[in-house]
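[1] Sharing a sequence plus its predicted fold:
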Amino acid sequence: MNHKKEKLVVEVVGAHNLMPKDGQGSSSPFVEVIFENQTRRTQVKFKDLNPIWNEKLVFDVNDVADLPYRTVEINIFNEKKSGNSRNFLGKVRVSGSSFAREGEEIVQLYTLEKRSLFSHIRGDISLKLYLSTKEERKDEGNASTSFVKQKQKKVNQVSTSSSMSLQQQQNQQQQQQLMQENHKRPQPPQHGKPIELTNPGEIKPVVITTGPPGPSILAPTVGGGGGVGVGGGLMGFHYSGSNEFSLKETSPHLGGGSSSKDKTSSTYDLVEQMQYLYVRVVKARDFSIFGGGEVVAEVKLGNYRGITKRASSSNAEWNQVFAFSKDCIQSSMVEIFVKEKEKDDFLGRIWFDLSEVPKRVPPDSQLAPQWYRMEDKKGEKAKAGEVMVSVWFGTQADEAFAEAWHSKAANVHFDGLCSIKSKVYLSPKLWYLRVTIIEAQDIVPGEKGSAMARYPELSAKAQVGNQVLRTRTAPASPNRSLSNPFWNEDMIFVVPEPLEDYLMVCVEDRIGPGRDEVLGRVLIPVMAIERRTDDKPVVSKWFSLDMHYNFTESKVVSRFGSRIHLRVSLDGGYHVLDESTMYSSDVRPTAKQLWKPHIGVLEMGILGASGLMPMKLKEGKGSSTDAYCVAKYGQKWVRTRTVVDSLAPKWNEQYTWEVFDPCTVITVGVFDNCHLDKTSVTVGAGVRDSRIGKVRIRLSTLESDRVYTHAYPLLMLHTSGVKKMGELHLAVRFSCANMANVLHMYMSPLLPKMHYVRPLSVNQLESLRYQAMNVVAARLSRAEPPLGREVVEYMLDHDSHMWSMRRSKANFFRLVSVLGILIAMGRWVESIRSWQKPVYSVLFLAFFLVLVSFPELILPTILLCLSFTGLWRYRSRPRHPPHMDTRLSYAETAFADELDEEFDTFPTTRSAELVRMRYDRLRSVAGRIQTVVGDLATQGERFQALLSWRDPRATFLFVVLCLIAAVGFYAVPFRVVVALWGLYALRPPRFRSKLPSPALSFFRRLPSKADSLL
């Protein structure tokens, strides 16, 4: 057996695209690795932003079992010329749970992280971390000797231009070699597992597409189910989603082309015209059938066959429409048969030549059905009877389109036909029901004997439907008896129209753990509650309580004097949020009398989808998708028809919404219909439609009266990473009649007045939003066809409040990018102060002195600069609507464990070890946040310590300096002071000291309350 102690090997391969920090556009980087109080470092690569080290750093491991709870910190520094200082270039922390065994090691690409919020870094580093028993740690003396030799080489180097050019040529040759090797290898699939490098030890630098900070694993994790990096592959070759996940502009044939350029000529000018053959079978008469029975009509066109419902032979009336897509027509004639049920022989038959069928274009009236004499099997028309039909060619703009039986649904089970039609749904109007439980009087305890021996714990419970809220236990008061509890608590419920529910308020006594005895209750119809649209106080009322002593009996005992004091109202001045506030599509109050006129119209043509992923397996047909689309804006939900068994469905349906606020969002989702098979129909309520993806479009980002035609990527996040499910083709137009009204909306409050006069807390809004979503889901699930709860929850973002490490990182880097503007301005000012470009520094100094001399120009100059900046950027304004950004969402570089945690249920269902690891990781993240918050608090407390006399000498010095400065500022004009301060701050570097200023040194010496922390 091998009894050698295992070592941790950190092989530093190389880095790419480092930040220049030497003031000359380059850096001289080296890597410092820290593990269990052991520090190792690589050699210095002079003047190289893409260094290659290929060095192995070996560390002792005290206990291999504790490795999953240890971390390795890798720091990259730039060595300054003086040799006694260094600049920070980035860092990476790697958890011990990701260490591989020897022979299984792979090259991993990590994006460098910041040390603090204001660190300015960029680039990536390639590492291999594994455990080995063969590697031995090199002697420290040899390492230091090599480092000294490296420094001597740097000092003795007079001119490095020739050596640097040689190194750059070698790097270019290595890049070309790796590029050739990459072209020889087959490209990995977009969402599959990344490819492992064939020879990771000889990694070459390549051009890497920049992305958000985070690691990109170049091989599947050990024991993992899928690759972590979406753009997996060779090092640096992120298959970046620039093309795959980007928005694409399309040029569909809208409105039938040039023939219908006039917008008023057709209400379907945002979709492509789809030609259909319509056959309406109304009824039949005068046919002979023995013994009565039931008859059906059959419409046959080539291989397609549609059958009507059954009708009595004495009253054979069907009135059904059949639609056959023109691109699926395989015959030159359409036949209509009248048959007995479950018999192949027909009673009568007629047929039409398709070349003779007329065309109908709305707004023409519908084609009137006519009686046609049928012929029997012998071709005779004497005794076959007549059938009333009408046949015409039309488009999806036809009124019969929505209710027609479509030829592509020929294989759908009869019970699933209702779920494939297009429908429009309306969300119920929601009200906030405010209940204030003030007090109760003369409450009689239920158990006489036990009530004398204990203190009654009285509380009130209010219930509307399945929403239940409770008050706290009434506190003891010396001025009130035990039978007169006092609460004075507000409760808010969500109730939908029609107001058919009842408000039930109970007074309960806690007689034991989990045992509550009802001492009385009152039922109030919600319809009878007073409605209000403002903050006017509602008159409170006393309600008599019904006393229930025995619930097994139906007898109800009412006693005089037992009553409860309530204040109840329906608040119509609020907007009941049923969707996330960030993606809200409607902000109008509930009360209709408070609505303002609409400012515009939103028109959307849902053209189709392409490249959809197969969502399910069908017996004998392989994988397929039955896709339909749902769009939600305001109270109006629309659902397109289901296109059966197609990975490139075409809907070409157009819908319209009134717009009351331009700063709203329309959400469009694509789903797979799972209710079409016989097996799913028999399963019933357990069947859930699968998500394919969704798109959000903010109306304020659209130009007025412009038609946007784009293909939006449908992206879904799975435990294996982000996956493109296809593309959704939309045509969108936002029209507004009066631009002044639209611009005025930008100055109006976003939410109704009541949200600011009597605001609700964040917790209340979140709880009420959840209740509103349940009400909407329950109401839409009772429609026909039902809109499933899973569809409503996905469209309303019901899980947006759940914890996600990926989303937290994305929000953090969004904040960093916002602060990056201030950081860039600070770096620009610092470059002016450092006189890197003397001409710019002189011009800035002169401009500064002009503004000091004429301070009235400061504000106009700032505003003028902002105006010209906005006008200058008008040329490069965004021309396309925003879409889902995988890099901004941090989806491409998220770890597999982070995604698994995001998809975990609440409460968790994972193993205890996995939860422990995630808890430790969360503690480490929280520890860093705790440190940052503590540092900010320390700086604030130092400001407070200036006048608190906690440090008497520092406060005395500050007070004396303030008195001297007050006299000086009074004697010297303020302009002169500002000018002198500017000249002092902008002085050339040769007149400065590297030591901190006296004011900063004084501030850092001030005490804080950190000394008092345990």
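    Great, that's in hand.
[2] Pull out the buried positions in stretch 39-57.
    Buried residues in stretch 39-57, counting neighbours by 16 or more other Cβ atoms under 10 Å, are found at 40-53, 55-57. For the C-beta atoms, the positions are set from N, CA and C on the backbone; glycine is no exception.
[3] The helix or strand hosting Ser817 packs against which elements?
    Under the criterion of DSSP states H and E, Ser817 resides in helix 805-833. Here helix 805-833 touches helix 838-853, helix 896-902, going by 3 or more Cβ pairs under 8 Å, 6 or more residues apart in numbering; DSSP states H and E.
[4] Identify whichever of these lies nearest to Ala382.
    Checking the helices and strands packed on helix 805-833 against Ala382 by Cβ to Cβ gives helix 896-902 as the closest, at 74.0 Å.
[5] Give me the next element, helix or strand, following that closest one.
    helix 912-944.
[6] Tell me the first helix or strand C-terminal of that following helix.
    Per DSSP H and E, the first helix or strand lying C-terminal to helix 912-944 is helix 952-971.
[7] and Val13, what helix or strand is that in?
    Element membership for Val13 (DSSP H and E) is strand 7-16.
[8] Please apply the same query to Arg280.
    Secondary structure (DSSP H and E) places Arg280 in strand 276-285.
[9] buried set for that strand?
    Tyr276, Leu277, Tyr278, Val279, Arg280, Val281, Val282, Lys283, Ala284.
[10] contacting residues around Pro860?
    Listed by Cβ atoms under 8 Å, 6 or more residues apart in numbering, the contact set of Pro860 is empty.
[11] roughly how far apart are it and Ser867?
    From Pro860 across to Ser867, the span is 10 Å (Cβ to Cβ, to the nearest Å).
[12] Repeat that for Trp637.
    With distances taken as Cβ to Cβ, Trp637 is found 42 Å from Ser867.
[13] Gly669 now?
    Per Cβ to Cβ, Gly669 is found 40 Å from Ser867.
[14] Equivalent analysis for Phe393, please.
    Using Cβ to Cβ, one gets 57 Å for the distance from Phe393 to Ser867.
[15] and what of Gly611?
    Separation of Gly611 from Ser867 (Cβ to Cβ): 45 Å.
[16] How about Cys736?
    As for Cys736, its distance to Ser867 is 25 Å (criterion: Cβ to Cβ).
[17] Neighbour count for those two, which is higher?
    Here Cys736 and Ser867 are set side by side on neighbour count (other Cβ atoms under 10 Å), and the busier one is Cys736, at 20 against 10.
[18] Name the nearest residue to the more buried one, sequence neighbours excluded.
    Excluding the flanking residues, the one nearest Cys736 by Cβ to Cβ, 6 or more residues apart in numbering is Gly600, at 3.5 Å.
[19] Run a quick check on the one you found versus Ser735, I expect a contact.
    Yes - assessed by Cβ atoms under 8 Å, Gly600 is found in contact with Ser735 at 5.6 Å.
[20] re the thing from before, which of the buried residues of stretch 39-57 fall in helices?
    Among these, no member falls in helices (criterion: DSSP state H).
[21] Tell me which entries of those lie within strands.
    Arg40, Arg41, Ile52, Trp53, Glu55, Lys56, Leu57 (DSSP state E).
[22] what about Trp637, which SS state?
    What DSSP: H, G, I helix; E, B strand; the rest coil gives for Trp637 is strand.
[23] Next up, the contacts around it.
    Contacts for Trp637 (Cβ under 8 Å, 6+ apart) come out as Val424, Tyr425, Leu426, Ser427, Val630, Ala631, Leu780, Leu787, Met795.
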